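K.L.:
Give the three-dimensional model of this entry:
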Amino acid sequence: QVQLVESGGGLVQAGGSLRLSCAASRGFLAPTNAMGWYRQAPEKQRELVATITGGGTATVVDSVKGRFTISRDSAKNTVYLQMDSLRRGDTAVYYCYGRFGWPRAKDYWGQGTQVTVSS
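P.N.:
Coordinates of the predicted model:
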């Protein structure tokens, strides 16, 4: 079992920045393991925001490219999401996601952290 603990959400004005952190209770066991962030706005489906694999490959979706950066501190089993130039449309609950294990991987979720961007 893996626990994911998120922090860093809050209220920020449009154009501002926030950094989310997600600490995992264990590290990756394979290059294909991954951690990342999803978000869910009110009355919308949960959507992928960014991921980073055990092999170090980082991916962000087009809607946040150039504004959000995902990074990882392997020594701390922690993933960060740096969010800059925030927009009202970024308002959502952000969920940390992790895929851990080898050869069988299992998915885990954090409890979610609210990000609210005001005009």
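
K.L.:
Distance of K76 relative to A23?
P.N.:
Distance, K76 to A23, using Cβ to Cβ, to the nearest Å: 7 Å. Using the backbone N, CA and C atoms, a C-beta is placed for each residue, glycine as well.

K.L.:
Is it correct that D107 is in contact with Y95?
P.N.:
No - using Cβ atoms under 8 Å, D107 is not in contact with Y95, being 11.3 Å away.

K.L.:
Who has more neighbours out of K76 and A23?
P.N.:
Using other Cβ atoms under 10 Å, the more surrounded residue of K76 and A23 is A23, with 16 against 12.

K.L.:
Show me what the more buried one is bridged to.
P.N.:
The partner list for A23 in beta bridges (DSSP bridges) reads V5, T78.

K.L.:
going forward can the numbers begin at 17, since that is how I track them
P.N.:
From this message on, residue numbering opens at 17, which makes the last subject A39.

K.L.:
Report the contact partners of it.
P.N.:
If a contact means Cβ atoms under 8 Å, 6 or more residues apart in numbering, then A39 has L20, V21, S23, K92, N93, T94 as its contacts.

K.L.:
Kindly recompute the last result at 7 Å.
P.N.:
By Cβ atoms under 7 Å, 6 or more residues apart in numbering, the contact list for A39 reads V21, K92, N93, T94.
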